[in-house]
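Colleague: Attaching a predicted model along with its sequence, questions to come.
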Amino acid sequence: MIDKVVTSGTFSLDGGTWEVDNNVWIVGSADEVVVIDAAHDAAAIAERVGDREVRAIVCTHAHNDHIDAAADLATRVGAPILLHPADQVLWEMVYADLPYTPLKDGQVISAGGVDLTVLHTPGHAPGAVCLYGAEIGALFSGDTLFRGGPGATGRSFSSFDTIIESIKGKLLTLPPETAVYTGHGDSTSIGEEAGHLEEWLARGH
């Protein structure tokens, strides 16, 4: 079961602020789920979860638009917040003292019979991760991979070369039919995006 809530708010970094719509993914079964990226509106996310148990709130990275509802949602549903510790500096821009459970590459997070493997994919942010569900043929890519290209790398703590390396080494090796559920905008597939790698490299930043 893959469910989605689209929430709206702002993303702020390096002195700028932008209006954004975020995809919040809810993955699992009719009994228990994982929430991926608690963005902007904890009440709307909790309403969509309903009476299902939330096993974890997983942050694909710590840009404020992906974590700004995490603390509120964690309180509402009684679930731990999971984040890769390489994003500590970004986390502290939003939550100075709030603890989280560290994620690591290769870790498996399970809910409702769905196993999601953590893939550390730095580049958009140092601690960026994707979650791969092999049995459901799905990748939850956060802001690492979108329809039409890699995530943005023009701001602090990001690197174009690093994100390309992450995508080539960790994502484009997945089966081409794998559905890619992104942090913003429309979904895509590994096969659809794999054919554009040279184009991205030529385009650069």
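Modeller: Yep, that arrived.
Colleague: Leu119 is in what secondary structure piece?
Modeller: strand 114-120 (DSSP states H and E).
Colleague: Hmm, I typed the wrong one, I wanted Val34.
Modeller: Using DSSP H and E, Val34 falls within strand 32-36.
Colleague: Show me what that strand is packed up against.
Modeller: If you count contacts as 3 or more Cβ pairs under 8 Å, 6 or more residues apart in numbering; DSSP states H and E, strand 32-36 packs onto strand 16-28, helix 42-49, strand 53-58, strand 108-111. From N, CA and C alone the C-beta is placed, and that goes for glycine too.
Colleague: Which strands border it, and is each parallel or antiparallel?
Modeller: Within its sheet, strand 32-36 is paired with strand 16-28 (antiparallel), strand 53-58 (parallel), according to DSSP bridges.
Colleague: So what's the model's average confidence on it?
Modeller: Summarised as a single mean, pLDDT over strand 32-36 is 98.
Colleague: List the buried residues of it.
Modeller: For strand 32-36, a neighbour-count test (16 or more other Cβ atoms under 10 Å) marks 32-36 as buried.
Colleague: How much space separates Thr117 from Ala42?
Modeller: Distance from Thr117 to Ala42, counting by Cβ to Cβ, to the nearest Å: 26 Å.
Colleague: Please say which of the two ends up with more neighbours.
Modeller: Using other Cβ atoms under 10 Å as the criterion, Thr117 and Ala42 rank with Ala42 on top: 23 against 16.
Colleague: one step back: among the helices and strands packed on strand 32-36, which comes closest to Asp186?
Modeller: Smallest distance to Asp186 across the helices and strands packed on strand 32-36 (Cβ to Cβ): 9.4 Å, for strand 16-28.
Colleague: CA atoms of that closest one as PDB?
Modeller: Only the C-alpha atoms of strand 16-28 are listed here, as PDB (Å, rounded to 0.1, in the frame of the first residue of the first chain):
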ATOM      1  CA  GLY A  16      16.300  32.700   0.400                       C
ATOM      2  CA  THR A  17      12.800  31.300   0.800                       C
ATOM      3  CA  TRP A  18      10.600  29.600  -1.800                       C
ATOM      4  CA  GLU A  19       7.000  28.300  -1.900                       C
ATOM      5  CA  VAL A  20       7.000  24.500  -2.300                       C
ATOM      6  CA  ASP A  21       4.600  21.500  -2.500                       C
ATOM      7  CA  ASN A  22       6.000  18.300  -1.000                       C
ATOM      8  CA  ASN A  23       5.000  14.700  -1.500                       C
ATOM      9  CA  VAL A  24       4.600  12.900   1.800                       C
ATOM     10  CA  TRP A  25       4.600   9.100   1.200                       C
ATOM     11  CA  ILE A  26       2.800   6.600   3.500                       C
ATOM     12  CA  VAL A  27       3.900   3.100   2.900                       C
ATOM     13  CA  GLY A  28       2.800  -0.200   4.500                       C
END
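Colleague: What is the least confident helix or strand in this structure?
Modeller: Least confident helix or strand, the chain: helix 197-203 with a mean of 80, by mean pLDDT, DSSP states H and E.
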